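> pasting the sequence and the predicted model now:
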Amino acid sequence: MSSIALVGNPNTGKTSLFNTLTSSYEYVGNWAGVTVEKKIGSLKNGAGKLIDLPGIYSLHPLSRDEGVAAQYLIEETPEALINIVDASQLERNLLLTLQLLEYGKPTILGLNMTDVAKARGIQVNPEALQAKLGVPVLPLIARTGKGSSQVLSAVAEPANIPAANFHLDYGGIVEGTLASMISQLQQLPGLPNLRWVALQFMEQNPVVLELLKKRIDISGLMLLCDDCQTRLQKQKLALTLPQWIRSVRMDYIRVVCAAAIDATMQKPHNLTERLDSILTHRFLGLPLFILFMYAMFKTTFDWAGGPLSDVVDGFLGGPLSDWTNSLLQAIGASEFTHALIVDGIIGGVGGVIVFVPQIFILFLMISFLEDSGYMARVCLLMDSTMERMGLNGKAFIPFIIGFGCNVPAIMAARSIEQPKERMLTTLLLPLMSCSARLPVYLLFAAVFFPARQATAVLAMYVMGVVFALILCKLFSRYLFKNESSLFIIELPPYRMPQLKTLGRSTWEKGKGFLRKAGTIILAGSVLIWLMSYAGPAGVNVDMDHSFLAKFGGFIAPLLEPLGFGTWQAGSTLVPGFLAKEVVVSTMNIIYHAPDAAGLEGQIASVFTPLSSISFMAFILLYIPCLATVGVIKKETASWKWTLFSMGYSLVLAYAVSLVIYQGGRLLGWS
């Protein structure tokens with residue numbers, strides 16, 4: 001089966017086109033660096049596989065995700081390429097296009113965002129562009145699917161796509177060196193276009209250099225490059241060899257754009273520029289972002305999410321429990337089975353399902369901010385603050401993703417260019433309040449801060465970010481000294497997200513929570529219930545004498561200084577390592593709560609406002625869940641850093657909770 005690679009700059013609509021052509025869905029936010037590894041899907045017409053490569057600006061990789069694209073092209077050599085470009089930013093996008101044309105494979109140029117270009121008063125002539133580049137140029141609007149059918153028809157038979165016969169003259173000195181390098185490379189089988197490989201070698205592409213080092217002695221090639229560099233300098237050209245190659249390409253790009261683009265009607269100030277003058281303002285930008293976040297939390301937990309959660313809770317604690325009890329009695333179920341289903345499964349899983357509406361509303365609003373283009377501006381706003389702490393604004397993207405789940409957030413850190421900042425981001429991301437912690441915040445906020453639920457929950461999110469930045473400063477100073485920083489981010493145009501896109505992205509974020517409810521939370525609830533049902537004396541014992549009480553009582557003395565030194569609280573923390581969602585389901589089982597109101601009443605009798613804050617802070621900061629620990633190990637390839645992330649978070653959680661509770665008591669709080 002043939003393979004076709006989809007390549008383009010970040011934020012050009014590449015992944016949206018992938019979703020349309022393959023009838024699959026890969027979530028794409030309106031910022032750079034969301035696709036961090038190649039995605040593979042089957043084309044609708046069955047013509048082959050479509051490989052969605054990470055967004056890159058050139059074939060010279062700066063980060064791990066860009067390295068994926070360069071490595072794929074040199075090692076796997078697809079049958080054809082689809083290069084998608086932004087019609088409103090054509091000059092910048094064409095640098096990658098020329099490198100791909102030199103690759104020599106059959107290529108189709110997808111001229112995307114023609115609607116955005118038109119709105120800005122920019123007219124792109126596809127025929128003129130096709131004449132200059134020598135490959136088919138197909139206008140399209142990937143977000144709406146317009147023009148996608150033409151692309152699909154064009155790739156139905158990859159063999160019929162004309163091969164890119166593009167040859168750019170780099171001048172006599174470089175061309176002579178290229179010929180000598182190609183003659184040396186001919187001894188190596190399995191390489192793609194040898195001229196392309198030689199050019200990439202001249203540009204010091206690290207992926208190409210590493211591949212050739214493994215197969216031949218590259219000293220001869222290096223001598224040729226050095227000689228070429230010397231002869232260029234004798235021509236009084238103050239450029240390095242890679243700079244000379246780039247300058248020749250840029251000269252040709254300007255020729256192409258002059259022939260294909262009519263910008264005489266271009267508007268001096270478009271909507272994006274007018275909005276940016278306010279939303280990225282030096283003084284107003286950050287306060288506006290905080291205001292947006294507060295409104296988002298207020299909507300999620302007070303205005304919309306709260307009433308919907310009440311409806312779900314009423315159904316679980318009322319009709320569903322009544323129907324289940326009646327059905328079990330009708331079929332003559334045993335007392336054990338009855339207790340397992342009602343108290344263990346419905347009580348445990350239901351205690352978490354109650355919060356699903358609020359979680360989905362939060363994901364919907366985050367998706368809106370992402371796809372509108374605003375979140376990229378937040379990274380820009382945060383850059384100066386994060387730079388003082390040892391990171392740059394681009395790290396804020398994984399932090400935001402971490403509000404949904406820490407696992408994809410850590411994977412998204414691959415798009416960060418510098419190893420130091422990538423490692424720091426990976427180590428600090430578990431401090432972000434993922435959706436699994438949200439039910440705990442919502443439960444305690446409803447009990448102790450009913451009039452300020454949104455503020456209480458937002459405070460937990462802010463606390464995670466604040467501690468991440470403080471630790472970032474410490475780690476960068478003492479663990480990662482004297483390492484440079486690089487900040488490159490795409491600022492896409494503002495756009496109104498489509499309902500279909502919002503629905504899909506919200507579902508992609510939220511379905512993981514539902515999947516856990518049907519697997520990990522279900523299994524955890526059953527296990528916790530069994531431990532509460534049995535004890536050293538047998539089964540159906542009083543819960544205070546159960547295995548669960550024995551287990552929780554073992555660590556309860558350690559938690560006493562934190563304000564929640566009961567076996568019940570201790571019993572929730574270790575299962576929470578498997579998945580933080582299990583914390584609330586465990587409480588539901590321990591306290592035999594028939595519904596959310598019953599659980600809230602039990603919590604109010606055991607905790608105080610001060611101890612509840614201490615407990616929420618501990619849940620926020622202590623050891624990451626098992627899945628997060630696994631992905632940290634995978635991304636860092638180091639048990640040392642994995643164990644470090646677990647250790648520092650546990651110590652931090654204990655210290656912060658201790659300060660909150662004991663400090664509060666000294667101040668007379670309760």
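Perfect, thanks for sending it.

> which stretches in the stretch 401-550 of the chain count as helices?
Remark: helices of the stretch 401-550 of the chain, listed N- to C-terminal, are 406-412, 419-428, 438-448, 453-478, 499-518, 520-533, 547-559; assignment by DSSP state H, counting those that start in this stretch.

> and of the ones you listed, who's closest to residue 51?
Ranking these by proximity to residue 51 (CB to CB) places helix 406-412 first, at 17.9 Å. The way it works is simple: take the backbone N, C-alpha and C, and place the C-beta from them, glycine included.

> from the chain's centre, how far out does that closest one sit?
The offset between the C-alpha centroid of helix 406-412 and the centroid of the whole chain comes to 5 Å, using CA atoms, centre = their mean, to the nearest Å.

> do the same with stretch 156-175
The gap between where stretch 156-175 is centred and where its chain is centred comes out at 36 Å by CA atoms, centre = their mean.

> show me what that stretch is in contact with.
For stretch 156-175, contacts defined as CB atoms under 8 Å, 6 or more residues apart in numbering pick out 2, 4, 45, 47-48, 79-80, 98, 100-108, 133-136, 154-155, 178, 202, 228, 231-232, 235, 241, 244-245, 248-249, 252.

> mind naming the longest helix for this protein?
Using DSSP state H, we find that the single longest helix of the chain is helix 639-666.

> how much space separates residue 528 from residue 144?
The span separating residue 528 from residue 144 equals 48 Å under the rule CB to CB, to the nearest Å.

> let's see which of the contacts of stretch 156-175 end up in strands.
Taking DSSP state E as the definition of strands, the contacts of stretch 156-175 contribute 2, 4, 48, 80, 107, 108.

> residues contacting the last one?
If a contact means CB under 8 Å, 6+ apart, then residue 108 has 80, 81, 82, 83, 135, 136, 138, 151, 154, 155, 161 as its contacts.

> just give me the least confident of these.
Across these, the bottom pLDDT score, 82, is held by residue 161.

> next, count neighbours for that one.
21 (other CB atoms under 10 Å).

> and it, how far is that from residue 472?
Taking CB to CB as the criterion, residue 161 is separated from residue 472 by 48 Å.

> can you check what angle separates the longest helix of the chain from helix 547-559?
70 degrees (axes from the mean of the first three to the mean of the last three CA atoms, to 10 degrees).

> buried residues of helix 639-666, list them for me.
When neighbours are counted by 16 or more other CB atoms under 10 Å, the buried residues of helix 639-666 are found to be 641-642, 644-646, 648-649, 652-654, 656-658, 660-661, 664.

> walk me through the domains of this structure.
Following automatic domain parsing, one gets these domains for the chain: 2-160, 172-262, 289-481+506-666.

> among the ones you listed, which is nearest residue 278?
Smallest distance to residue 278 across those (CB to CB): 10.4 Å, for domain 289-481+506-666.

> sorry, back to before: buried among the ones in strands among the contacts of stretch 156-175? Make that a ChimeraX selection.
Selecting the buried subset of the ones in strands among the contacts of stretch 156-175 in ChimeraX, with 16+ other CB under 10 Å as the burial test, is done by:
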select :4,48,80,107,108
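
> now the two most distant members of the ones in strands among the contacts of stretch 156-175.
Spatial extent of the ones in strands among the contacts of stretch 156-175 (CB to CB) is set by the pair 48 and 107 at 15.3 Å.

> closest one of the ones in strands among the contacts of stretch 156-175 to residue 632?
Each of these was scored against residue 632 by CB to CB, and residue 4 proved nearest at 34.1 Å.

> who's the closest one bridged to?
Counting by DSSP bridges, residue 4 forms beta bridges with residue 50, residue 80.

> residue 138 too?
With DSSP bridges as the criterion, residue 138 is bridged to residue 110.

> can you tell me how far it is from residue 127?
Residue 138 sits 12 Å away from residue 127, taking CB to CB as the criterion.

> of these two, who's got more company?
residue 138 (19 against 9).

> from the contacts of residue 108, which land in helices?
Among these, the members falling in helices are 151, 154 (criterion: DSSP H).

> distance to residue 10 added to the contacts of residue 108, as TSV?
Conversion of those to TSV gives the following (distance: CB to CB, whole Å):
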residue	distance to residue 10
80	22
81	17
82	16
83	14
135	22
136	24
138	21
151	20
154	24
155	22
161	25
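
> of all the contacts of residue 108, which comes closest to residue 569?
Sorting the contacts of residue 108 by distance to residue 569 puts residue 82 at the head of the list, at 55.3 Å, by CB to CB.

> so what's that closest one up against?
With contacts taken as CB under 8 Å, 6+ apart, residue 82 has the following neighbours: 4, 5, 6, 7, 17, 50, 107, 108, 110, 151, 155.

> can you list the buried residues in the host helix or strand of the fourth one?
Put plainly, it is residue 7. Following DSSP states H and E, one finds residue 7 within strand 2-8. Judged by neighbour count using 16+ other CB under 10 Å, the buried positions of strand 2-8 are 3, 4, 5, 6, 7, 8.

> and if you look at stretch 197-207?
Buried residues in stretch 197-207, defined by neighbour count with 16+ other CB under 10 Å: 197, 198, 199, 200, 201, 202, 203, 205, 207.

> cool, stretch 565-584 as well?
Along stretch 565-584, these residues count as buried under the neighbour rule (16+ other CB under 10 Å): 565-573, 575-584.

> can you list the low-confidence ranges for this structure?
Counting by pLDDT under 70, the chain has low-confidence residues at 1, 24-38, 65, 236, 268-269, 301, 305-306, 481-488, 517, 594-595.

> circling back: adding distance to residue 500, write the domains of the chain out as TSV.
Written out in TSV, the entries for these read as follows (distance: least, CB to CB, whole Å):
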stretch	distance to residue 500
domain 2-160	9
domain 172-262	31
domain 289-481+506-666	11
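
> so residue 453 is in contact with residue 444, correct?
No: between residue 453 and residue 444 no contact is recorded; they are 9.8 Å apart, counting by CB atoms under 8 Å.

> okay, those two: which has more neighbours?
For the pair residue 453 and residue 444, the greater number of neighbours falls to residue 444 (26 against 23), based on other CB under 10 Å.

> OK, contacts around the more buried one?
Residues near residue 444 by CB under 8 Å, 6+ apart: 456, 603, 607, 612, 615, 616.

> circling back: JSON lines for the buried residues of strand 2-8, including distance to residue 283?
As requested, those are exported to JSON lines (distance: CB to CB, whole Å):
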{"residue": "3", "distance to residue 283": "51"}
{"residue": "4", "distance to residue 283": "48"}
{"residue": "5", "distance to residue 283": "45"}
{"residue": "6", "distance to residue 283": "41"}
{"residue": "7", "distance to residue 283": "40"}
{"residue": "8", "distance to residue 283": "36"}
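
> for the contacts of residue 82, which one is nearest residue 193?
Proximity to residue 193 was ranked across the contacts of residue 82 by CB to CB; first place goes to residue 107, at 12.0 Å.

> for the stretch 251-400 of the chain, what spans make up the strands?
All strands of the stretch 251-400 of the chain, identified by DSSP state E, counting those that start in this stretch, fall at 261-262.

> what are the ranges of the helices in it?
Applying DSSP H, counting those that start in this stretch to the stretch 251-400 of the chain gives helices spanning 271-279, 285-298, 305-315, 321-330, 335-339, 347-353, 356-372, 374-389, 396-402.
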